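K.L.:
predicted structure and sequence below. I'll ask about it afterward.
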Amino acid sequence: MPLRRFLALRLLIGVGLLSAVWGAADRCDAAQVAPVLAPTEMRPSKTEKVGEAASEQGATHKDIEAPKNAPLSDEEARIQLGRRLFYDADLSGDGSMACASCHEQRHAFSDGMATHAGITDEPGVRNVPSLGNVGAFKTLTWLDQHITTLEQQVGTPVFGHVPVEMGMPDGATLLRRVSADACYRKLFAQAFKNENGRIDAQTVPKALAAFERTLTSANSLWDQARREKAHLPDAAQQGEALFFGRGHCASCHSGFLLSDQSFHSINAARPMRIRTPSLRNVGVTAPYLHDGSAPTLRDALVAHTQSPALSAKEEKALEAFLHTLTDTDFLHNPALSLPPEQCPV
Ligand code: HEC
Ligand code: HEC
């Protein structure tokens, strides 16, 4: 087969596979693709200052090399790769939006808005959920019962049309962009040795998912109190007792996640069944509910019309308890933040 035909075929097969794996919605014409912008503010460059230290000791800056990083394990390379992808706006059609644009660390990887418009300014439909401990969820998103793996979920924000979020026209464009970056090529080579470092519809989602599985949050004040390393304030203790007692909150908000991972309607006026959200870090993820319609914790509580009636004092106690679920280590963990520009391999 002539080489050109072979390559054209490879490309077609590639695109077909992508649609299958990523469930890409309708693909747009290549002509509609906005030009790729320069890397955005998502990844600011870091100027190295090794030269300054060098001159103090009389050496010239040319003698000094940036230290080589200790070699990464394959799994660590996968995580670092996923982290870079997570913060990379090149994963969006016009280079303006990264996963981290909506999933911000300081909000436990949610965003502080009721909904978040995508690159075309089409309004968002659902509230951006926190990604804290997202690896522990058996189904993903507020409503969908069919998205069961993080790998599978990646296609929705990247290629989704209802609503458009990152607006990537098709898988081939995404792979072309990622492959054009020398650091990505090195990271894929290290992270996916069995796949010969291939940058494809399997490895890109696998890397993102590997990073997402490191988003664990288990060191809130409440966790520390349970390990007898801290003491909960009185109001929070009363709230905790209500939560697990008369308030019946833990009949749905149960276990480590404070979610039974089942689907419930909390309000007779809204019969739609929603996956019980985790309440970890709920103090920094306002506004609340699947549509972002509850601006405050109190509004979220009041929306549970089937829960036992609570006095104002009891509501306050519950709120005090919910605030002890904030894990400040998680919100500031440097391993989860915007990665340095310098390639880790
Ligand atoms: C425009 C904002 C936006 C961007 C960009 C975005 N997301 Fe999301 N994300 C959302 C919204 C909104 C939901 C909830 C969707 C729903 O329930 O229908 C969500 C849900 C999720 C979930 C499910 C969480 C759960 O608790 O079930 C994961 C995982 C996720 N996003 C990961 C990502 C990754 C990875 C990227 C980048 C490839 C990304 N998101 C980009 C808005 C965004
Ligand atoms: C029948 C199961 C159930 C019970 C009982 C229950 N919840 Fe919920 N809770 C849910 C579901 C489902 C949602 C999401 C509803 C939505 O998004 O429309 C939710 C949402 C919340 C939210 C908003 C979280 C967010 O991220 O948006 C808070 C806070 C909350 N519940 C606290 C409580 C407290 C406190 C109690 C006890 C007084 C309680 N819940 C009782 C199922 C329950």
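P.N.:
Happy to help now that I have it. Residues are numbered from 1 along each chain as shown. Ligands and ions are numbered 1, 2, ... in the order given.
K.L.:
what residue ranges in the protein score low on pLDDT?
P.N.:
Applying pLDDT under 70 to the chain flags the ranges 1-63, 65-69.
K.L.:
so which residues on this protein come close to ligand 2?
P.N.:
Residues of the chain lying close to ligand 2 by Cβ under 6 Å from any ligand atom are 243, 247-249, 251-253, 264, 266, 274, 276-277, 279, 282, 285, 288-290, 297, 300-301, 304, 307, 318, 322. Where you see a C-beta, it was placed from the backbone N, CA and C, and this is true even at glycine.
K.L.:
ChimeraX command to pick out the buried ones of the residues you listed?
P.N.:
To isolate the buried ones among the residues of the chain next to ligand 2 in ChimeraX, judged by 16 or more other Cβ atoms under 10 Å, type:
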select :243,247,249,252,253,266,274,276,277,279,282,285,288,289,290,297,300,301,304,307,318,322
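K.L.:
from the residues of the chain next to ligand 2, which land in helices?
P.N.:
Phe243, Leu297, Ala300, Leu301, Leu318, Leu322 (DSSP state H).
K.L.:
out of these, which is nearest to ligand 2?
P.N.:
Ala300 (3.9 Å; Cβ to the nearest ligand atom).
K.L.:
show me what contacts the closest one?
P.N.:
Ala300 makes contact with Tyr288, Leu289, Ala294 under the criterion Cβ atoms under 8 Å, 6 or more residues apart in numbering.
K.L.:
go through these and name the one nearest ligand 1.
P.N.:
Leu289 (11.4 Å).
K.L.:
so what's that closest one up against?
P.N.:
Counting by Cβ under 8 Å, 6+ apart, Leu289 has contacts Asn127, Ile274, Ala300, Ala303.
K.L.:
wait, Ser220 sits on Gly283?
P.N.:
No: using Cβ atoms under 8 Å, Ser220 is not in contact with Gly283, being 9.1 Å away.
K.L.:
identify the contacts common to these two.
P.N.:
Leu325, Thr326.
K.L.:
out of these two, which sits in the busier spot?
P.N.:
Ser220 (22 against 17; other Cβ atoms under 10 Å).
K.L.:
next up, phi/psi of the more buried one, please.
P.N.:
With angles defined as degrees, to the nearest 10, Ser220 sits at phi -70, psi 170.
K.L.:
quick one: the residue nearest to it when sequence neighbours are not counted from ligand 2, how far?
P.N.:
If the residues on either side of it in the chain are set aside, Ser220 comes closest to Asp327, at 4.3 Å by Cβ to Cβ, 6 or more residues apart in numbering. Counting by Cβ to the nearest ligand atom, to the nearest Å, the separation of Asp327 from ligand 2 is 15 Å.
K.L.:
isn't Asp327 up against Asn219?
P.N.:
Yes: applying Cβ under 8 Å as the test, Asp327 and Asn219 come out as touching, 5.0 Å apart.
K.L.:
those two: who's more crowded?
P.N.:
Asp327 (25 against 15).
K.L.:
how about Pro308, phi and psi?
P.N.:
phi -60, psi 150.
K.L.:
buried sites along stretch 212-231?
P.N.:
In stretch 212-231, counting by 16+ other Cβ under 10 Å, buried: Glu212, Arg213, Leu215, Thr216, Ser217, Ser220, Leu221, Trp222, Asp223, Ala225.
K.L.:
next up, the contacts around the residue nearest to the second one when sequence neighbours are not counted.
P.N.:
What sits nearest to Arg213 in space, not counting adjacent residues and going by Cβ to Cβ, 6+ apart, is Gly135, at 3.8 Å. Gly135 sits next to Leu150, Glu212, Arg213, Leu215, Thr216 when contact means Cβ under 8 Å, 6+ apart.
K.L.:
ok, now which ones touch the second one?
P.N.:
Contacts for Glu212 (Cβ under 8 Å, 6+ apart) come out as Gly82, Phe86, Leu131, Val134, Gly135, Leu150.
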